[in-house]
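Asker: here is a sequence together with a model predicted from it:
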Number of protein chains: 2
Amino acid sequence: KPHTDCLSMHQVMRLPGMIDVHVHLREPGATHKEDFETGTSAALAGGVTMICAMPNTNPALTDVTALNYISELASQKAKCDYALFAGASEENTDSVSLLASKVAGLKMYMNDTFTTLKLDDFEVCSQHMKNWPNHLPLCVHAEGATLSTALLLASWNKRPLHVCHVARKQEILAIKKAKEMGMQVTCEVSPHHLFISSEDMDVQSPLSKVKPPICTRDDVQALWDNLSVIDVFATDHAPHLISEKMEHGVPGFPGLETALPLLLNAVNEGKLSMADILSRFHTNPKRIFNLPDQPDTFIEVDMTQTMTVPSMPAYSKAGWTPFAGRTLKGVVHRVVLRGEVAYLEGKVLVGAGFGQDVRKWPAQLPVPSVSLVP
Amino acid sequence: KPHTDCLSMHQVMRLPGMIDVHVHLREPGATHKEDFETGTSAALAGGVTMICAMPNTNPALTDVTALNYISELASQKAKCDYALFAGASEENTDSVSLLASKVAGLKMYMNDTFTTLKLDDFEVCSQHMKNWPNHLPLCVHAEGATLSTALLLASWNKRPLHVCHVARKQEILAIKKAKEMGMQVTCEVSPHHLFISSEDMDVQSPLSKVKPPICTRDDVQALWDNLSVIDVFATDHAPHLISEKMEHGVPGFPGLETALPLLLNAVNEGKLSMADILSRFHTNPKRIFNLPDQPDTFIEVDMTQTMTVPSMPAYSKAGWTPFAGRTLKGVVHRVVLRGEVAYLEGKVLVGAGFGQDVRKWPAQLPVPSVSLVP
Ligand SMILES: [Zn+2]
Ligand SMILES: [Zn+2]
Ligand SMILES: [Zn+2]
Ligand SMILES: [Zn+2]
Ligand SMILES: [Zn+2]
Ligand SMILES: [Zn+2]
Ligand SMILES: [Zn+2]
Ligand SMILES: [Zn+2]
C-alpha cells in the first residue's frame, strides 16, 4: 500500500500509537538529563503517542502541591499525550489516594534505585497496598526477592498489582506462578532486558548500570520463553548523561527512540508477531492503566527499511544509547497524533504544549480502537 | 522447696527438659568445631534434653546414605536425645521425602550462610514446599525479603512453615501479618537476637558475624514487643573456633550453654515469665516438630543463684561466647534424662551414646506432660 505524502515511495503499515507506561522525564529537578519537551519528542520519534511519567523527580510527585506544579510544567512542554504517576512515600500512606483520579497510578519503589522514594518498611508498603483504590493501577519496582514481598502484600490485600521491568528468570517464573494461582498481577519487560544480556555488554562498566541489571543469557531466554506471561512492553526510559554514567555509575538507560524499532526488527527476525507488539505496547497498557483512546491517532512503520542505531539518538538529552550500532529492520515513518502529523521521517513537527494530560480528558465510554490496516 | 542431693542448700525449681530445635553439631565434616559428644554435652549443661541437629554437615544430610552414616555417628556419641534434620538440595526435590518419617523435618536454606545447601531457584523451593509431607515440619532460613518468598510459596502450597531465627522488625511483623491472614506459620527467635543489639557489639568485627546479623536496637525491641508472635526459642548454636571467626568471619555463635540462663535471667528481670520460656523452649517445639515426651526427664534451675558467663564455656569446642562476662541470675542446677542424672552442677554425668534418636522411638500416644513443681 504505497502512500504519497513523502518524496520516496515505500511500504508503510499503519498501527495504533504506542503507549509507554514507564518513562522518566527528569523534570523537575534534573532537566539537564531530560525534560518534558525532549523526552516527549523522543517518544514521538519512537512511535509512542502516550507516556506515563514516573514520580521520582525533584520534588517528587507525592502530594497535590507537587502534582499541580509538575502538571503545569508538563502541560507547557509535552509534545505527546501523557499521564503522571504519583509516588508512594513513608509520609503519604493516608493522603496519596486523594490524587488517585488525577494520576496514571501509584508507583512504589521497594528496592534501592535512582530515587528518593525507596520504601523500607513492610508496614508502610502494606498500608499503600491497602489504601490505594483497588481498581486503579499500583506499580512496583520490586526486583529479586522483594518481588515476593510485593506479591505477598498484593495477595493479602486482594488487590491488582503491576510489576515493573521484570528481568530475571526467577521473577518471570514467580509472576507466572502468581497468575496461575489466580492473582491479578500484570507485568512489563523493557527492551534492554529482552535484547541485551551480560554477554553483550561489559557489566562491570558503569555505563551498563541499570536497575534491574543486565542479566544472564539464561534470564533473557526465560523472558522470551515466557512471552505469554509478559503483559506490557515499557521502556523504563531513564536518561542520564554519559558523563554521569561514567563518573557515578547512575543506573538507567534511555529507551524511547529505540524501543519500537527493536521490537519491529524482532518481528522481521520471526521472534515476535506484530500482534505481540500491539497487545503489549498498546492494548494491554490501555486496559491495565485505564488509559483513553487517542482520537485520530496512529503511526506508520516501514517494515522493509533498515537503519543503524546512531550513537546519539536525535531527541533525548541522554545523548547515548546502549543499542548504538545495531542494524534494525523496521522503522517509524510517521506519527499522527489527534489529527496532526506529529513526527515524519526523523522530525518532530508539533510544538511544546501540544501534548495533553489524558487524566484531564472527560471519562470516555469505551470506543472501538483505531482500525489497523496492515 | 529445699532438696538435699547436694552439699549446699538452695532453692530449685523443677522444669521440663528444654528442647532446642536449631543446633549445628558440625559432625561429620568439621569436628574440630564441635561433634555429637561435645555439642550434646553443651546442651545438657544448658538444661536442654533434646536437640534437632541441622543438616549442613559434610557430607550434608540430603539422602538415605548420609542419613544412615550420620545417624550411626550420632548414636555412638550423643549424650542428650536428638532428631536429625534433612536438608533440601537442588537434587533431592523428588527423593528427600523418603526420609520424612526418620528426620526432625526438612530444612531449606534460602539465603547464603554457612552451608552448601543454598537454594537459588524459585521453582526448586516451590517443589520442596509441594513435595514435603504437609503434616511434617518444614523449616526455612529465609531472612529479609527472602522471607516473603518463603511465605508466598507456603501460602500457594497451603502448607505449614516454620521460620528459623527471626531477627528483624520487618521479619517479625511479616510473620505477625501472615498469622493474622490465617497462614500456618510458626517462628523461632535465638537468644543472641533477643539479648544483643548492634549497640552491644562491634558489628564490624568478624567475631560478631552471624546470619541473620546482629540487628539494631529497634529490631531487638520489635522482637520483645511481639513476643506473642514468637512460638519458639532456639539457639541456632553454630560453633566456630575464635581463630576461624577472626580470620574468615565465618557466621555463627555458640549458644547451648547460655540460652536458658539468659532466659531465666530475663524472668528475674521481669522481661519474661517462666510460662513464656516453657511454651517456647519446650511445649511449642514439641508440638510444632511433633517430638515425643521424654519419660522421667526434667531439669532443676536455681532462680536465686548468680553466675558470670565465662569466656570459655565448659563443653562446646567453640571455646568462646558472645555473652562472656554477663552476670546472669538463674542457673541450671541438675538435669535428669530418662531417669539418669545427666548433669549436675557443672558436670555432665552421662556417657557418649546415652542420647537417643527420638524418631526411632515407637510413635506415642499423647501423654500428660511432666508436672511442673514451681
Ligand atoms: Zn511516507
Ligand atoms: Zn524501576
Ligand atoms: Zn523506572
Ligand atoms: Zn487502540
Ligand atoms: Zn541440688
Ligand atoms: Zn540459618
Ligand atoms: Zn542455623
Ligand atoms: Zn512436656
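Answerer: Received, thanks. Ligands and ions are numbered 1, 2, ... in the order given.
Asker: tell me the contacts of residue A:230?
Answerer: By C-beta atoms under 8 Å, 6 or more residues apart in numbering or on different chains, the contact set of residue A:230 is A:166, A:172, A:187-189, A:223, A:280. Any C-beta I mention is one placed from the backbone N, CA and C, and that applies to glycine too.
Asker: by neighbour count, which of those wins?
Answerer: Using other C-beta atoms under 10 Å in any protein chain shown as the neighbour test, those are led by residue A:166, with 29 neighbours.
Asker: mind checking how far that one is from residue B:108?
Answerer: As judged by C-beta to C-beta, to the nearest Å, residue A:166 and residue B:108 stand 24 Å apart.
Asker: same check on residue A:146?
Answerer: Going from residue A:146 to residue B:108 by C-beta to C-beta gives 19 Å.
Asker: and the residue of the stretch 1-150 of chain A closest to ligand 4?
Answerer: Residue nearest to ligand 4 within the stretch 1-150 of chain A (C-beta to the ion): residue A:16, separated by 4.3 Å.
Asker: right, and that residue touches residue A:279 too?
Answerer: No. Taking C-beta atoms under 8 Å as the definition, residue A:16 is not a contact partner of residue A:279, at 10.9 Å.
Asker: these two - which one has more neighbours?
Answerer: Taking neighbours as other C-beta under 10 Å, residue A:16 and residue A:279 compare with residue A:16 leading, 21 against 17.
Asker: can you tell me how far the more buried one is from ligand 8?
Answerer: 70 Å (C-beta to the ion, to the nearest Å).
Asker: now do the same for that residue: its pLDDT.
Answerer: We have a pLDDT of 98 for residue A:16.
Asker: likewise for the one 4 residues further on?
Answerer: Looking at residue A:20, its pLDDT stands at 98.
Asker: am I right that it is in a helix?
Answerer: No. Using DSSP: H, G, I helix; E, B strand; the rest coil, the assignment for residue A:20 is strand, not a helix.
Asker: just checking, what packs against the longest helix seen in chain A?
Answerer: If you go by DSSP state H, chain A has its longest helix at helix A:64-77. Using 3 or more C-beta pairs under 8 Å, 6 or more residues apart in numbering or on different chains; DSSP states H and E, the elements in contact with helix A:64-77 are helix A:36-45, strand A:81-84.
Asker: please enumerate the strands of the stretch 201-350 of chain A.
Answerer: With strands called from DSSP state E, counting those that start in this stretch, the stretch 201-350 of chain A shows them at A:232-233, A:298-308, A:327-337, A:340-344, A:347-348.
Asker: so which of those gets nearest chain B?
Answerer: Chain B lies closest, by C-beta to the nearest C-beta, to one member of the strands of the stretch 201-350 of chain A: strand A:232-233, at 21.5 Å.
Asker: what does the closest one contact?
Answerer: Here strand A:232-233 makes contact (C-beta under 8 Å, 6+ apart) with A:21, A:162, A:186-191, A:194, A:259, A:263, A:277, A:280-281, A:284-285, A:288.
Asker: narrow these to just the buried residues.
Answerer: Judged by neighbour count, with 16 or more other C-beta atoms under 10 Å in any protein chain shown as the criterion, the buried members of the contacts of strand A:232-233 are A:21, A:162, A:186-191, A:194, A:259, A:263, A:277, A:280-281, A:284-285, A:288.
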